[in-house]
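# sharing a model prediction with you, sequence too.
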Amino acid sequence: ENNRDTSLEEILEIVKGPDFPTGGTIIGKTAIEEAYRKGRAKIKVRAVTNIEPMTNGKNRIVVTELPYMVNKARLIEKIAELVRDKRIDGITDLRDESDREGMRIAIELRRDVNPNIILNQLYKHTQLQDTFGVIMLALVDNQPKVLNLYEMLKYYLMHQEDVVTRRTKYDLNKAEERAHILEGLIIALDNIDRVISIIRGSENVQTARESLMKEFNLTEAQSQAIVDMRLRALTGLERSKIEAELAELQKKIDEYKAILADKNKLLTVIKTEISIIADKYGDDRRTSIGFDEYDISMEDLIPDEPCVIARTNMGYVKRMTPDNFKSQHRGGKGIKGMQTLEEDYIEDLFMTTSHYVLTFFTNTGRAYKLKAYEIPEAGRTSRGTAIINLLQLAPGETITAVVPVKIEDIKDDDYLFMATKNGIVKKTPCKEFANIRKNGIQAMTLRDDDELIEVKLTDDTTEVMMVTKLGMCIRFKATDVRPTGRSAMGVIGMNLMDTDEVVGVQLNNQGNTMLIVSENGMGKKTDINEYAVQHRGGKGVKCYKITEKTGNVIGAKAVDDTREVMLITTEGIIIRLACRDISTLGRITSGVKLINLDEGVKVATVSKVRKNPSDENGSEASDENGYSEENIATDTQEDAVDIQDKSIDRLLDAAEKDQQQ
């Protein structure tokens with residue numbers, strides 16, 4: 001329907017921003033809104049870049065799209081000049097790798113430099129970031145005027161009304177003229193013998209024309225059209241064709257008159273013509289819109305929808321939507337979870353929603369945060385985005401744990417429990433992580449030879465279980481660790497042997513059995529009650545029998561029989577197993593073969609999948625998309641870092657089906 005009362009606010013919900021033919025990314029919605037509200041603004045446009053890790057430990061910045069009207073050759077010359085003049089230090093190589101597949105500039109960096117710092121310097125000193133001035137200037141009543149978006153569209157519509165009105169009047173005039181001639185030709189055909197006699201008997205054209213006008217009451221235009229025709233053509237005219245053409249013209253005349261008489265029909269014509277143009281020339285948006293730190297209302301524009309987050313060992317991350325997967329029945333063993341680099345593998349895969357805050361913890365004890373929606377969305381088999389493109393990580397810093405939380409759900413007695421590979425633990429109130437700077441904050445102070453390996457969301461009602469790679473386990477109450485601030489170093493949680501290190505930390509409320517998996521694909525479950533509660537700082541008890549056949553322990557998960565687990569190999573293959581099918585054995589055993597591995601392949605990590613207890617046949621009531629409201633509900637926050645959504649197994653089933661096809 002035509003809506004003349006549309007407001008600027010309603011238009012801004014539809015028109016997101018300029019779209020440049022060369023792509024790029026507009027930085028921030030603030031400038032766009034200013035342009036559309038006031039008619040003037042300066043919009044920053046950045047090149048599309050990615051930071052790619054290289055096999056030699058270095059990184060390279062890859063540019064795949066440039067701001068509009070930026071010359072690639074001059075840009076490369078400018079970067080080379082900055083390096084030559086030492087205004088930018090850390091670039092070792094600069095190559096134009098563009099080909100028929102697309103534009104690509106590779107900027108290789110020294111091993112010791114932070115790629116984000118180099119990228120920011122390039123944004124500052126080159127046209128990798130450019131500014132476009134917007135001024136929406138138009139002639140209104142022959143006077144130049146700066147218009148906002150609403151006014152611009154209003155005057156454009158008025159102009160289109162004028163154009164269509166003038167065109168319709170012209171078409172109507174032409175149609176009426178032609179119809180008038182055809183009416184005269186029909187009269188001539190009805191009296192063809194007399195018409196021919198008059199023409200032959202006339203001394204000249206003027207006499208013939210006047211005689212026809214007098215004889216048949218024709219107009220000058222009609223009689224002139226008859227006289228202008230050769231007699232052979234005149235006698236050869238077919239009455240049916242003339243009548244058909246006249247009828248068609250009459251329809252057009254009626255249509256033209258209706259358009260001129262009815263404003264709504266005039267607007268319908270404009271709408272139809274614009275739709276035709278949109279269908280013919282419309283294409284996918286090329287310029288993305290990024291958010292900067294000053295866009296305070298950006299979250300309001302993003303729906304809080306379920307999403308799947310995947311992270312690899314080598315630092316790639318992506319966000320997927322469950323809507324990309326079709327609900328399928330069970331089948332298959334393993335799927336390729338995402339495209340990875342050689343020797344890379346999926347380390348984290350969990351369900352959350354787009355407004356959740358993802359707190360990333362690194363091996364150096366620092367914490368960073370992203371909203372889930374800030375992670376670029378990608379397909380199931382896509383590699384994803386290097387996380388150093390999203391977080392300002394220091395050289396050598398890697399992500400070891402991710403905790404998704406909903407800020408409004410945090411309570412005063414909620415804590416983040418942290419553990420290091422050397423058995424040091426600490427407990428810090430969640431509220432101390434409410435304000436994390438863009439470049440991160442220190443979550444835990446570590447010794448030089450130690451690394452943060454696990455972070456859990458917990459409270460004082462839980463018990464902690466720590467498992468080591470040499471098959472030891474300790475269980476103690478969370479209250480044994482007193483709360484400390486972010487900068488604290490922590491206390492001894494487990495006393496380790498010299499060559500041992502912690503590989504897993506679980507909470508007792510996450511399951512009634514402890515699943516322990518070795519690097520060679522062996523594993524078992526043991527009743528949690530077989531692990532007596534001790535005080536923190538002890539050596540623990542034996543929980544797994546290490547042999548040459550089993551290899552070291554790589555992970556442990558607290559599970560129950562409603563769960564499935566995923567074993568993820570160093571080749572990125574995901575294998576799903578029902579926990580109820582895994583043997584429950586005593587503490588000092590090696591377990592059974594869980595997965596057959598090719599030579600040189602190891603199990604890299606183990607993750608949990610939430611299962612519906614009523615789901616015995618691999619199906620359950622769901623909506624038309626295969627997802628029920630229950631499917632997308634997350635578990636308790638204590639278990640949030642694991643695979644916590646009931647529908648994640650459906651995603652894997654669907655992916656298996658895709659692969660088999």
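Thanks, I have it. Numbering: from 1, shown residues only.

# wait, doesn't Arg286 sit right on Gly17?
No - judged on C-beta atoms under 8 Å, Arg286 makes no contact with Gly17 at a distance of 11.7 Å. (C-beta placed from N, C-alpha, C; glycine too.)

# looking at those two, which is more packed in?
Residue environment comparison for Arg286 versus Gly17 gives the larger neighbour count to Gly17, 19 against 13, counting by other C-beta atoms under 10 Å.

# and the nearest residue to that one once chain neighbours are set aside, how many neighbours?
The shortest distance from Gly17 to any non-neighbouring residue, by C-beta to C-beta, 6 or more residues apart in numbering, is to Ile32 (4.3 Å). Look at Ile32: counted by other C-beta under 10 Å, it has 22 neighbours.

# tell me the mean pLDDT for the lengthiest helix in the chain?
Identified as the longest helix of the chain according to DSSP state H is helix 149-190. Helix 149-190 carries an average pLDDT of 94.

# cool, and stretch 99-118?
According to the model, stretch 99-118 has a mean pLDDT of 89.

# mind checking the end-to-end distance for it?
According to C-alpha to C-alpha, to the nearest Å, stretch 99-118 extends 25 Å from its N-terminal end residue to its C-terminal end residue.

# spatially nearest residue to the most centrally placed residue in the chain (excluding sequence neighbours)?
Compute the mean C-alpha point of the chain, and by C-alpha atoms, centre = their mean the closest residue is Glu377, 2.8 Å away. What sits nearest to Glu377 in space, not counting adjacent residues and going by C-beta to C-beta, 6+ apart, is Arg319, at 4.9 Å.

# pretty sure that neighbour contacts Ile375?
Yes - taking C-beta under 8 Å as the definition, Arg319 is a contact partner of Ile375 at 4.2 Å.

# follow-up on the earlier one: residue contacts, the residue nearest to Gly17?
The contact partners of Ile32, by C-beta atoms under 8 Å, 6 or more residues apart in numbering, come to Lys16, Gly17, Pro18, Ile26, Ala41, Ile43, Ile289.

# now the helices for the stretch 251-400 of the chain?
Counting by DSSP state H, counting those that start in this stretch, the segments of the stretch 251-400 of the chain that form helices are 263-281.

# quick check: phi and psi at the spatially closest residue to Leu119 that is not a sequence neighbour.
Distances taken as C-beta to C-beta, 6+ apart put Ile61 closest to Leu119, at 5.8 Å, once the chain neighbours are dropped. Summarising the backbone geometry of Ile61 under the convention degrees, to the nearest 10, its torsions are phi -100, psi 120.

# could I get the pLDDT score of Ile61?
95.

# and it, what are its bridge partners?
Listed by DSSP bridges, the beta-bridge partners for Ile61 are Ile51, Ile107.

# wait, it sits on Asn116?
No - no contact is recorded between Ile61 and Asn116 when judged using C-beta under 8 Å, the distance being 9.5 Å.

# correct me if wrong: Ile309 contacts Arg319.
Yes - between Ile309 and Arg319 a contact is recorded at 5.8 Å, counting by C-beta under 8 Å.

# list residues touching both of the two?
Jointly contacting Ile309 and Arg319 under the rule C-beta under 8 Å, 6+ apart are Ala372, Ile375.

# how about the residue nearest to Glu377, what does it touch?
With C-beta under 8 Å, 6+ apart, Arg319 has these contacts: Cys307, Val308, Ile309, Ser354, Ala372, Tyr373, Ile375, Pro376, Glu377, Ala378.

# again, only using 6 Å
Cys307, Ile309, Ile375, Glu377 (C-beta atoms under 6 Å, 6 or more residues apart in numbering).

# just Val227 next, same as before
With contact taken as C-beta under 6 Å, 6+ apart, Val227 is in contact with Val205, Ala208, Arg209.

# mind doing that once more with 8 Å?
Taking C-beta under 8 Å, 6+ apart as the definition of contact, the neighbours of Val227 are Ile199, Val205, Ala208, Arg209, Leu212.

# just the element for it, please.
Under the assignment given by DSSP states H and E, the secondary-structure element containing Val227 is helix 220-228.

# so that helix versus helix 149-190, what angle?
60 degrees (axes from the mean of the first three to the mean of the last three C-alpha atoms, to 10 degrees).

# for helix 220-228, C-alpha coordinates in PDB please.
Presented in PDB, the C-alpha positions along helix 220-228 are these (Å, rounded to 0.1, in the frame of the first residue of the first chain):
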ATOM      1  CA  GLU A 220      -8.700  17.100 -42.400                       C
ATOM      2  CA  ALA A 221      -6.300  14.600 -40.600                       C
ATOM      3  CA  GLN A 222      -8.500  11.600 -41.600                       C
ATOM      4  CA  SER A 223      -8.900  12.700 -45.200                       C
ATOM      5  CA  GLN A 224      -5.200  13.500 -45.500                       C
ATOM      6  CA  ALA A 225      -4.300   9.900 -44.200                       C
ATOM      7  CA  ILE A 226      -6.600   8.400 -46.900                       C
ATOM      8  CA  VAL A 227      -5.200  10.600 -49.700                       C
ATOM      9  CA  ASP A 228      -1.600   9.800 -48.600                       C
END
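
# quick one: mean pLDDT for it?
Per-residue pLDDT over helix 220-228 has a mean of 90.

# Met158: neighbour count?
Neighbour count of Met158, defined by other C-beta under 10 Å: 11.

# quick check: the residue nearest to Asn59 when sequence neighbours are not counted vs Glu397, distance?
Using C-beta to C-beta, 6+ apart and skipping the chain neighbours, the partner closest in space to Asn59 is Pro115 (4.5 Å). Look at Pro115 and Glu397: by C-beta to C-beta, to the nearest Å, they are 12 Å apart.

# now swap in Ile346 and tell me
With distances taken as C-beta to C-beta, Ile346 is found 20 Å from Glu397.

# more neighbours: the two, which one.
Ile346 (23 against 19).

# check the nearest residue to Ser202 once chain neighbours are set aside and give its pLDDT.
Nearest non-adjacent residue to Ser202, counting by C-beta to C-beta, 6+ apart: Ala208, 3.7 Å away. Looking at Ala208, its pLDDT is 89.

# same check on Met338?
49.

# do the same with Asp348
At Asp348, the pLDDT value in this model is 77.

# and after the longest helix of the chain, which helix or strand comes next?
Sequence-wise, the next helix or strand downstream of helix 149-190 (DSSP H and E) is helix 192-201.

# and after that next one, which helix or strand comes next?
For helix 192-201, the succeeding helix or strand toward the C-terminus, using DSSP H and E, is helix 205-216.

# domain-wise, how is this structure divided?
Listed domain ranges for the chain are 8-151, 152-261, 302-615+623-660 (source: automatic domain parsing).

# which of these is buried the deepest?
domain 302-615+623-660 (a mean of 19; mean count of other C-beta atoms under 10 Å).

# what stretches of the stretch 351-500 of the chain score poorly on pLDDT?
380 (pLDDT under 70).

# ok, which stretches of it are strands?
Under the criterion DSSP state E, counting those that start in this stretch, the stretch 351-500 of the chain carries strands at the ranges 357-362, 366-371, 385-386, 399-405, 415-420, 424-429, 441-442, 452-458, 463-468, 472-477, 491-492.

# save these as TSV, and put in distance to Asn264 too.
Putting the strands of the stretch 351-500 of the chain into TSV (distance: least, C-beta to C-beta, whole Å) gives the following:
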stretch	distance to Asn264
strand 357-362	50
strand 366-371	45
strand 385-386	49
strand 399-405	51
strand 415-420	62
strand 424-429	63
strand 441-442	60
strand 452-458	59
strand 463-468	71
strand 472-477	74
strand 491-492	77
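
# which one of these lies nearest to Lys542?
Of all those, strand 472-477 sits nearest to Lys542, with 6.4 Å by C-beta to C-beta.

# what angle separates that closest one from strand 463-468?
160 degrees.
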